[in-house]
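Engineer: only geometry, no sequence info:
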């Protein structure tokens, strides 16, 4: 719980008590002061609640990010182990797949760039 929430609640309570005293005494100035103190306490309490909500949201987001990171690590590790097992089980197939991928990349990288057709200008 944030200190602003505690202080705001205390000010709000003090304003209510002061308002009750002003009402019993019939003093309009005390009642106005009490309303101002109560309003200030309410605002401070709301500010503390907003800070608490922001802190909770940050903690929750950090927890989700940590969980996602750990899950990603586990998935990557599992995938790497599965790939290593496949390569150990069938080394020739893995070599052929790697060679095919390399050949396709070489074809894509060695192509000349496409040039736009020349523009002909006719002067008449």
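Structural biologist: It's in. Being a predicted model, the structure only gives us computed values, none of them experimental. Numbering: from 1, shown residues only.
Engineer: how distant is the lengthiest helix in the chain from the center of its chain?
Structural biologist: Looking across the chain with DSSP state H, the single longest helix is helix 28-89. Going by CA atoms, centre = their mean, to the nearest Å, the spacing between the C-alpha centre of helix 28-89 and its chain's C-alpha centre is 8 Å.
Engineer: For it, which helices and strands make contact with it?
Structural biologist: Counting contacts by 3 or more CB pairs under 8 Å, 6 or more residues apart in numbering; DSSP states H and E, helix 28-89 packs against helix 3-25. The C-beta positions use only the backbone N, C-alpha and C, and glycine is treated the same way.
Engineer: Tell me the helices and strands packed up against the helix it packs on.
Structural biologist: Using 3+ CB pairs under 8 Å, 6+ apart, helix 3-25 sits against helix 28-89.
Engineer: Also compute the angle for the helix or strand just after the helix it packs on relative to helix 28-89, please.
Structural biologist: Going down the chain from helix 28-89, the next helix or strand is helix 91-110, by DSSP states H and E. For helix 91-110 against helix 28-89, the angle by axes from the mean of the first three to the mean of the last three CA atoms, to 10 degrees is 110 degrees.
Engineer: ok, and what's touching helix 91-110?
Structural biologist: With contact meaning CB atoms under 8 Å, 6 or more residues apart in numbering, helix 91-110 is reached by 86, 87.
Engineer: Please apply the same query to stretch 2-22.
Structural biologist: Contacting residues not belonging to stretch 2-22 are listed as 28-31, 33-49, 51-52, 55 [CB under 8 Å, 6+ apart].
Engineer: Please identify the buried residues of that stretch?
Structural biologist: Residues 2, 4, 5, 7, 8, 9, 11, 12, 15, 18, 19, 22 are the ones in stretch 2-22 that count as buried (16 or more other CB atoms under 10 Å).
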